[in-house]
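A.B. asks: Test case, fold it:
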Amino acid sequence: MANLIVVCGPQAVGKMTVAESLRDKLRYNMMMNHDSIELSDRIFGFATPAQKELSESVRESVFSLAVKHGVDLIFTYVCAFDEPEEREYLTQLKDLFERGGGQFYLVELSADLETRLARNETPHRMERKASKKDVAWSRADLLRSSERYRLNTNEGETWFEHHLKIDNTNLTPDEVADRVISAWNLTAVEKEEKEYRFGV
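C.D. replies: Take a look at the predicted model:
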């Protein structure tokens, strides 16, 4: 049995740092959306057909293996809530983990644009995500995505039973993680550190 926590929200909202806090508090394993992106970029180049296919394949394998081996997982993801295929994708993940006896949780983060632009340039973000080191490109991409897509749900909109929306503009990652844990009474897994954050 494996649980999946998806931490979603627009670029630079704080998904990675919240996911890292949840990882350390719950001892869940963690995959950032950029893990598969950076790997496939290095091999096949940026935004090429082969890159996109490899990135998708890596994620599918991770999810399947997590369910197969009973590994609780946290996944960070940018969701365009105005795109129908996004709901279908998240529903497929929910069904996969629930068929294996686990639970699916969606944590949606929101923050104002000024805060996100500031967070976009933090050293930790650039250290963990090579593609963000080009700050001018990253800033332009953030602004472009914000204009093109609806990256948060509307007021009162809920996609799943376990769907928690948190405005983390003025919250630390630990404060957000504590809210998530409390909301669903999540408990930490009995696991050695090297089993869930080896090499991090």
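
A.B. asks: Now Asp72, what are its backbone angles?
C.D. replies: The phi/psi pair for Asp72 (degrees, to the nearest 10) reads phi -70, psi 140.

A.B. asks: gap between it and Leu164?
C.D. replies: Taking C-beta to C-beta, to the nearest Å as the measure, Asp72 falls 17 Å from Leu164. Quick note: C-beta positions are derived from backbone N, CA and C, even for glycine.

A.B. asks: So for stretch 94-111, what gets flagged as buried?
C.D. replies: Using 16 or more other C-beta atoms under 10 Å as the test for burial, stretch 94-111 gives 94, 96-97, 100, 102-111.

A.B. asks: Also stretch 138-158?
C.D. replies: Buried-residue list, stretch 138-158, by 16+ other C-beta under 10 Å: Ser138, Arg139, Leu142, Tyr149, Leu151, Asn152, Thr153.

A.B. asks: low-scoring stretches of the chain, by residue?
C.D. replies: Scanning the chain for pLDDT under 70 picks out 126-127, 129-132.

A.B. asks: Please repeat the previous calculation with a cut-off of 80.
C.D. replies: Along the chain, the parts satisfying pLDDT under 80 run over 124-134, 200.

A.B. asks: the helices in it, which residues?
C.D. replies: Using DSSP state H, the helices of the chain run over residues 15-26, 33-44, 49-69, 84-99, 113-119, 123-128, 135-148, 173-184, 193-197.

A.B. asks: which one of those is the most hemmed in?
C.D. replies: helix 15-26 (a mean of 22; mean count of other C-beta atoms under 10 Å).

A.B. asks: And the residue nearest the centre of the protein?
C.D. replies: For the chain, the residue nearest the mean C-alpha position is Thr76 (0.8 Å; C-alpha atoms, centre = their mean).

A.B. asks: Wait, it touches Val7, no?
C.D. replies: Yes: because the distance of 4.9 Å satisfies C-beta atoms under 8 Å, Thr76 is recorded as touching Val7.

A.B. asks: biggest strand in this structure by residues?
C.D. replies: Secondary structure of the chain read by DSSP state E shows that its longest strand is strand 104-110.

A.B. asks: Taking helix 84-99 as reference, get the angle to that one.
C.D. replies: Inter-element angle recorded for strand 104-110 and helix 84-99: 140 degrees (by axes from the mean of the first three to the mean of the last three C-alpha atoms, to 10 degrees).

A.B. asks: And the closest residue to Val189 other than its chain neighbours, how far from Leu164?
C.D. replies: Nearest non-adjacent residue to Val189, counting by C-beta to C-beta, 6 or more residues apart in numbering: Arg27, 4.4 Å away. Look at Arg27 and Leu164: by C-beta to C-beta, they are 20 Å apart.

A.B. asks: cool, Asn3 as well?
C.D. replies: From Asn3 to Leu164 the distance is 14 Å (C-beta to C-beta).

A.B. asks: Same check on Glu86?
C.D. replies: From Glu86 to Leu164 the distance is 17 Å (C-beta to C-beta).

A.B. asks: Identify the residues contacting the residue nearest to Leu186 when sequence neighbours are not counted.
C.D. replies: With C-beta to C-beta, 6+ apart as the criterion, Leu186 has its nearest non-adjacent residue at 5.9 Å, and that residue is Leu26. If a contact means C-beta atoms under 8 Å, 6 or more residues apart in numbering, then Leu26 has Asp72, Ile74, Ile181, Leu186, Thr187, Ala188, Val189 as its contacts.
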